[in-house]
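1. I would like the atomic coordinates for the input below:
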Amino acid sequence: MSATFLDQLKGHTVVVADTGDFQSINKFRPRDATTNPSLIAAAAKMPEYQSVVDEALKWAKKEAPGKSADDQIKLAVDRLAVEFGMRILEVVPGRVSTEVDARLSFDQGASEEKARQLIAMYAAAGIKKERILIKLAATWEGIKAAENLEKDGIHCNLTLIFGFHQAVACCEAGVTLISPFVGRILDWYVKNTDQKTYAPSEDPGVVSVTKIFNYYKRHGYKTEVMGASFRNVGEITELAGCDLLTIAPKLLDELQSTTGTLPKKLNTEDAMKNGVAKIHVDKATFDAMHKEDRMAFDKLAEGIDGFSKAITDLENELKPRLATI
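-> Next comes the predicted model:
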């Protein structure tokens with residue numbers, strides 16, 4: 001019997017589960033897992049995880065007895081992400097990504113402080129920082145926060161990558177990993193151009209990640225590339241060979257049920273020939289390139305707004321429950 005696409009993909013690329021549902025993670029046995037506010041909010045609504053939510057609320061009340069309900073809720077939401085992270089780490093052998101509050105995306109100092117608080121929560125539970133990736137939105141402020149955190153041994157995953165300028169700034173800052181959003185790039189082109197369908201190799205998100213991967217490998221950057229936010233299996237198979245790919249359970253299921261030959265598409269040898277010339281991105285360059293890249297400008301703002309709303313909605317849902325704990 002032929003090997004499944006998922007088994008073959010694991011031979012080319014580190015497969016990461018893109019979910020807060022650790023039961024799904026257990027099914028597919030990825031090395032790592034990633035979460036974000038939307039995924040945590042969705043998982044928190046599942047009946048099987050209500051005890052996890054209660055644990056986070058109890059913890060927040062105990063840790064901040066004199067604080068207002070709003071302050072306790074904010075602490076509880078952070079704790080909820082850590083609670084899910086701790087349980088995920090019981091299933092995966094590698095790392096889990098835990099995201100800093102997206103509402104802090106343009107505040108470097110507050111982002112750094114929140115990251116250290118999350119790491120401290122994990123440390124108090126006996127989990128070493130080497131198993132955690134702190135997720136930050138790839139604004140200029142988020143990238144600079146990550147640069148400082150990395151110097152202190154706190155590894156970072158820069159998310160909401162849409163533009164090449166973001167990727168270059170990240171590798172120059174020495175971040176551990178970036179997450180370019182393949183499917184959301186495709187979404188923008190389908191919505192804003194006349195072309196509505198693309199062959200997998202011509203998918204704008206696939207082209208973007210390939211360019212970043214080739215640039216990093218050609219110029220010797222250690223920052224890893226993790227393609228994310230996939231819309232279909234074709235996008236995933238075209239990026240076989242990328243350092244990591246984070247994939248939702250539905251697409252993991254599809255990969256697991258598909259057989260045939262899955263060739264490696266990305267590799268260092270080709271990158272050495274195809275990578276573009278080296279550039280430097282300072283803040284002025286970053287701002288100028290971001291303004292010129294309408295897709296990246298639109299999608300970064302949209303992504304931050306979406307994750308911020310997910311956190312606010314979760315806080316509002318948990319407030320009545322806090323009073324009953």
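
2. Residue 276 against residue 215, yeah?
-> Yes - with contacts counted by Cβ atoms under 8 Å, residue 276 reaches residue 215, the gap being 5.9 Å. For glycine as for every other residue, the C-beta is placed from the backbone atoms N, C-alpha and C.

3. ok, and for the longest helix belonging to the chain, which residues are buried?
-> Secondary structure of the chain per DSSP state H: the longest helix is helix 294-322. Across helix 294-322, burial judged by 16 or more other Cβ atoms under 10 Å covers 295-296, 299-300, 303-304, 307-308, 310-311, 314-315, 318, 322.

4. Residue 156 and residue 99, how far apart?
-> Distance check for residue 156 against residue 99: by Cβ to Cβ, to the nearest Å, it reads 11 Å.

5. what do you get for residue 185?
-> From residue 185 across to residue 99, the span is 20 Å (Cβ to Cβ).

6. Repeat that for residue 48.
-> The value you get for residue 48 to residue 99, if Cβ to Cβ is used, is 22 Å.

7. Closest to residue 34 out of the buried residues of helix 294-322?
-> residue 307 (12.9 Å; Cβ to Cβ).

8. residues touching the closest residue to that closest one other than its chain neighbours, list them.
-> The shortest distance from residue 307 to any non-neighbouring residue, by Cβ to Cβ, 6 or more residues apart in numbering, is to residue 102 (3.6 Å). Applying Cβ atoms under 8 Å, 6 or more residues apart in numbering, we find residue 102 in contact with 37, 137, 304, 307-308, 311.

9. Check which helices and strands the longest helix of the chain sits against.
-> Contacting helix 294-322 under the criterion 3 or more Cβ pairs under 8 Å, 6 or more residues apart in numbering; DSSP states H and E are the following elements: helix 37-44, helix 50-63, helix 69-89, strand 132-137, strand 156-161, helix 164-173, helix 182-192, helix 283-292.

10. Count the neighbours of residue 191 for me.
-> 10 (other Cβ atoms under 10 Å).

11. and it, what does it touch?
-> Applying Cβ under 8 Å, 6+ apart, no residues contact residue 191.

12. quick one: contacts for the spatially closest residue to residue 58 that is not a sequence neighbour?
-> Sequence neighbours aside, residue 325 is the residue nearest to residue 58 in space, at 5.6 Å (criterion: Cβ to Cβ, 6+ apart). Contact analysis of residue 325 by Cβ under 8 Å, 6+ apart lists 54, 57-58, 61.

13. quick one, helices of the stretch 101-250 of the chain?
-> Taking DSSP state H, counting those that start in this stretch, the helices of the stretch 101-250 of the chain run over residues 108-124, 140-151, 164-173, 182-192, 204-218, 233-238, 249-256.

14. okay if I get the ones you listed as CSV plus distance to residue 6 and mean pLDDT?
-> Listed next are the helices of the stretch 101-250 of the chain as CSV, based on distance: least, Cβ to Cβ, whole Å; pLDDT from 0 to 100:
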stretch, distance to residue 6, mean pLDDT
helix 108-124, 29, 98
helix 140-151, 31, 98
helix 164-173, 27, 98
helix 182-192, 18, 98
helix 204-218, 19, 98
helix 233-238, 10, 98
helix 249-256, 4, 97
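
15. With residue 74 as the reference, name the closest of those.
-> Across these, closest to residue 74 is helix 108-124 (Cβ to Cβ), at 10.0 Å.

16. Return the distance of the closest one from the chain's centre.
-> Offset of helix 108-124 from its chain centre (Cα atoms, centre = their mean, to the nearest Å): 17 Å.

17. And stretch 156-174, by the same measure?
-> With Cα atoms, centre = their mean, you get 12 Å for stretch 156-174.

18. What of stretch 42-50?
-> Put simply, stretch 42-50 sits 21 Å off its chain's centre (Cα atoms, centre = their mean).

19. For it, measure first residue to last.
-> 12 Å (Cα to Cα, to the nearest Å).

20. what comes into contact with that stretch?
-> With Cβ under 8 Å, 6+ apart, stretch 42-50 has contacts from 19-21, 23, 52-53, 80, 84, 314, 317-318.

21. Could you measure from the residue nearest to residue 307 over to residue 28?
-> Taken as Cβ to Cβ, the span from residue 102 to residue 28 is 27 Å.

22. Highest neighbour count among the contacts of residue 325?
-> residue 57 (23 neighbours).
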